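Asks: Here is my input; please provide its structure:
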Amino acid sequence: MPALKIQRTIIKAEKFGVIPNTSKDMAPFLNDLIKEASKYANVTIEFQKGRYDVWPEHSPKRDYFISNTSSEIECPSKTKTIALLLEGFENITIEGNGALFIIHEKMTNFAFVNCNGVKMQNISFDYKRATMSELKLESVSSNSITASVNSGSNFLITNNGHIEFYGDNWKLKNHHTIAVNPELSAWYYSDFGPLLKSQAKHVAPDKVVFDGDFSNTNYKQGQVLTVRDPIRDQVGGFIGYSKNIGLKNVNMHYMHGMGIVSQFSENITYDGVKVQPRKETGRIIAAFADSFHFSGCKGQITIKNCTTSGAHDDAVNIHGTHLKVMEKVANNKINLKFMHHQTYGFDAFFKGDTLSFIKPKSLQNYGNGIVKTVSKISDRMVQITLDNDLPEGFKIGDVVENITWTPSVLIKNNYFSGTNTRGVLLTTRRKSIIEDNVFYRTGMHAILIANDASSWYESGVVRDVTIKGNQFIECGYNQVPNNYIINIWPENHEEVPNYFVHENIVVENNLFKVFDTPILKAKSTKGLVFKNNQIVSSDIFSRLKGNKPSFYFQQCQDVFVELNKTNLGTFDSIETKNMLNSDISIKNTK
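Replies: Predicted structure coming up:
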């Protein structure tokens, strides 16, 4: 007998007072709307096209520990204020029909927590006053700068002649600064200090003259200085402990604190998600930090047809978390600690999960264990009881990774640009494909495959990665001489003979358009193939030459490099370290 099909309920948002273009606070009406929708197991919420303003006063508030955000000192409160919150929903569709949510003050745009089967589509989010301030340098001399301030970047000149940026119930205290060259779409670390120390005069609407000593600065006419406070107290979106989540045709015009963070969730698809400012705002920045961040997820992660432009950090970061063993309580019981200051407090282990025990210096696995019970000792400490005894070779100070929560990944047909850092960071042991994307002038490596147990504690190994059909356009200008387009660089500080952190990586059929010679760098990798790739020279950033070999391999094995004959003499330099001649095969070189 076939299963009964549950009829879908359609709820019109306007029937609950959620009406566009009223300038009213929609939060109370949204609360009523979501409460009604929670009564149904298969429901669609439909919004009308238009603008919806949301303030924090009546918006839901929840305490969430979110990976890679803030420490106890930076931000003791973990309270998130959420414009659109779904908790415990199954089979719900949010149909925006072109709705634009305008966020007031500091908030999280949306959160899906403990949900199964959420679709959100045809909807946009932006801030009334982005927490990023922007000003364009119209003229620059050694003692005077004239700047035009973005009309949305509220500011005042204090009685002692200093500029101060502010928003609704906040003012800028610290000044983390990225300078953007709009003509080149190039992004650089900068310093707002000289402008803060100068004397500022408000000479016309949105125009300020700074008088001071700028002789030792790198300010240039035409640059846009983008300035924020580094504290990550909210996120753009949060997908936590959920599965089967899809975002389609979603515009994230501004995200405060961090981008969309998916944490211990399963099967996530982003299709046509755009992280970029609305043109009418005149802003350059859309994301305070990463655009898409995944921590401890599993199942299938798919990112396709997406655009990221205007982030103060990476476009995509996919990783797990290493926790350090602090104490052996019994032969099958250990206490673990979250080590990085911005990552802690969340549930990272569940009954039945498989743990990998790893030596932190070599990143070598020496045994596994199955989780029997989990208990939280504190926000930093967790106690794990295993079904089995601890593996042979166990020591205090080793780290563990939850390898159950590792995803397969497809990153296809995306356009990544407008960042001073990297395009894709990837560390997962399951099959990963990075295909048919454009990486346009990322400031650092277009792709970084890392893994570490000493700095960010972001795990883990990769075992099957294909990088094909991509265009890498003039990336890495912020990292000369280490400006390798693809960098496979685990942070193993101790090399173990015949052990390799990463395995089976294929780089094929890509276009590399480069201003310098570095192409591919790899360490502690077995089974690395570079073939059928086109490498062409560019005269952009021509002054940046690091005199590094095009290919650098350290303690690698089964490496195959194929170079087109047209590249010989320019991109044929290969350097190896701690390797035998038999570890590498080279085709079509001189």
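
Asks: what are the phi and psi values for E280?
Replies: Main-chain torsions, E280, degrees, to the nearest 10: phi -70, psi -20.

Asks: Next, count neighbours for it.
Replies: 6 (other Cβ atoms under 10 Å). All C-beta spots, glycine's among them, are computed from the backbone N, C-alpha and C.

Asks: can you tell me how far it sits from A204?
Replies: As for E280, its distance to A204 is 22 Å (criterion: Cβ to Cβ, to the nearest Å).

Asks: With F349 instead?
Replies: Counting by Cβ to Cβ, the separation of F349 from A204 is 58 Å.

Asks: Likewise for Q557?
Replies: Separation of Q557 from A204 (Cβ to Cβ): 64 Å.

Asks: Show me which of F349 and A204 is the more surrounded one.
Replies: Set F349 next to A204 and count neighbours by other Cβ under 10 Å: F349 wins out with 22 against 9.

Asks: wait, doesn't that one sit right on I384?
Replies: Yes. Using Cβ atoms under 8 Å, F349 is in contact with I384, at 6.0 Å.

Asks: Which neighbours do the two have in common?
Replies: 355, 371, 374 (Cβ atoms under 8 Å, 6 or more residues apart in numbering).

Asks: S23: what secondary structure?
Replies: coil (DSSP: H, G, I helix; E, B strand; the rest coil).

Asks: Can you tell me who the residue nearest to it when sequence neighbours are not counted pairs with across the strands?
Replies: Leaving aside its chain neighbours, S23 sits nearest to D53 (6.0 Å; criterion: Cβ to Cβ, 6 or more residues apart in numbering). When bridges are called by DSSP bridges, D53 pairs up with D25, I102.

Asks: Assess the claim that D53 and H104 are in contact.
Replies: Yes. D53 is within contact range of H104, at 6.5 Å (criterion: Cβ under 8 Å).

Asks: shared neighbours, these two?
Replies: With Cβ under 8 Å, 6+ apart as the test, D53 and H104 both reach K128.

Asks: show me what contacts T404?
Replies: By Cβ under 8 Å, 6+ apart, T404 lies in contact with 298, 350, 352-354.

Asks: Buried ones among the residues you listed?
Replies: Listed as buried from the contacts of T404 are 298, 353; burial here means 16 or more other Cβ atoms under 10 Å.

Asks: Now that we have the contacts of T404, can you turn them into JSON lines and tack on distance to G569?
Replies: Listed next are the contacts of T404 as JSON lines, based on distance: Cβ to Cβ, whole Å:
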{"residue": "K298", "distance to G569": "46"}
{"residue": "F350", "distance to G569": "55"}
{"residue": "G352", "distance to G569": "56"}
{"residue": "D353", "distance to G569": "52"}
{"residue": "T354", "distance to G569": "50"}
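
Asks: Tell me which two of the contacts of T404 sit farthest apart.
Replies: K298 and G352 (12.5 Å; Cβ to Cβ).

Asks: which SSE is the closest residue to S295 other than its chain neighbours in?
Replies: In space, and not counting its chain neighbours, S295 is closest to S67: 3.7 Å by Cβ to Cβ, 6+ apart. According to DSSP states H and E, S67 maps onto no helix or strand at all.

Asks: Can you get me a residue count around S67?
Replies: For S67, the tally of surrounding residues (other Cβ under 10 Å) stands at 28.

Asks: for A522, same thing?
Replies: Residues lying near A522 (other Cβ under 10 Å) number 24.

Asks: which non-adjacent residue is nearest it?
Replies: I488 (4.0 Å).

Asks: Now do the same contact list for that neighbour.
Replies: For I488, the contact set (Cβ under 8 Å, 6+ apart) comprises 449, 502, 505, 520-523, 525, 528.

Asks: let's see 7 Å
Replies: Residues in contact with I488, defined by Cβ atoms under 7 Å, 6 or more residues apart in numbering, are 449, 502, 505, 521-523, 525.

Asks: Surely the residue nearest to S295 and H340 touch.
Replies: No. S67 is beyond contact range of H340, at 9.0 Å (criterion: Cβ atoms under 7 Å).

Asks: In this protein, which helix is the longest?
Replies: helix 27-37 (DSSP state H).

Asks: Which element is encountered next along the chain beyond that one?
Replies: strand 43-46.

Asks: how far does that following strand sit from the chain's center?
Replies: For strand 43-46, the distance from its own C-alpha centre to the chain's C-alpha centre is 30 Å (Cα atoms, centre = their mean, to the nearest Å).

Asks: Could you do stretch 316-326 as well?
Replies: Here stretch 316-326 is found 15 Å from its chain centre; the criterion is Cα atoms, centre = their mean.

Asks: what's the first-to-last distance across it?
Replies: 31 Å (Cα to Cα, to the nearest Å).

Asks: Could you pull up the mean pLDDT of that stretch?
Replies: Averaging pLDDT along stretch 316-326 yields 98.

Asks: Buried residues, it. List them.
Replies: 316-326.

Asks: okay if I get the residues you listed as a markdown table plus secondary structure and distance to W405?
Replies: Formatted as a markdown table, these follow (DSSP: H, G, I helix; E, B strand; the rest coil; distance: Cβ to Cβ, whole Å):
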| residue | secondary structure | distance to W405 |
| --- | --- | --- |
| V316 | strand | 18 |
| N317 | strand | 15 |
| I318 | strand | 12 |
| H319 | strand | 11 |
| G320 | strand | 7 |
| T321 | strand | 9 |
| H322 | coil | 13 |
| L323 | strand | 13 |
| K324 | strand | 18 |
| V325 | strand | 18 |
| M326 | strand | 21 |
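
Asks: and of the residues you listed, the nearest to N533?
Replies: For the buried residues of stretch 316-326, the nearest to N533 is V316 (21.4 Å; Cβ to Cβ).

Asks: ok, that closest one to S573 distance?
Replies: V316 is 30 Å from S573, where distance means Cβ to Cβ.

Asks: same question, I66
Replies: As judged by Cβ to Cβ, I66 and S573 stand 43 Å apart.

Asks: the more surrounded of the two?
Replies: I66 (25 against 16).

Asks: what residues are up against that one?
Replies: Residues counted as contacts of I66 (Cβ under 7 Å, 6+ apart) are 235, 238, 261, 263.

Asks: Show only the entries of those residues found in strands.
Replies: Judged by DSSP state E, strands contain the following of the contacts of I66: 238, 261, 263.

Asks: Domains in the protein, by residue range?
Replies: 9-129+232-313, 133-228, 321-402, 432-587 (automatic domain parsing).

Asks: And those: which comes nearest S417?
Replies: Closest approach to S417 among the domains of the chain (Cβ to Cβ): domain 432-587, 3.9 Å.

Asks: as a whole number, average confidence for the closest one?
Replies: Averaging pLDDT along domain 432-587 yields 96.

Asks: Look up the pLDDT of the residue nearest to S262 when sequence neighbours are not counted for me, please.
Replies: In space, S262 comes closest to I239 once its chain neighbours are excluded; the distance is 4.2 Å by Cβ to Cβ, 6+ apart. At I239, the model reports a pLDDT of 98.

Asks: Around I239, how many other residues sit close by?
Replies: Neighbour count of I239, defined by other Cβ under 10 Å: 24.

Asks: Then K39?
Replies: 9.

Asks: go on, the one 5 residues further on?
Replies: For T44, the neighbour count with other Cβ under 10 Å is 17.

Asks: My understanding was that it contacts K12; is that so?
Replies: No. With contact defined as Cβ under 7 Å, T44 does not reach K12; the gap is 9.7 Å.
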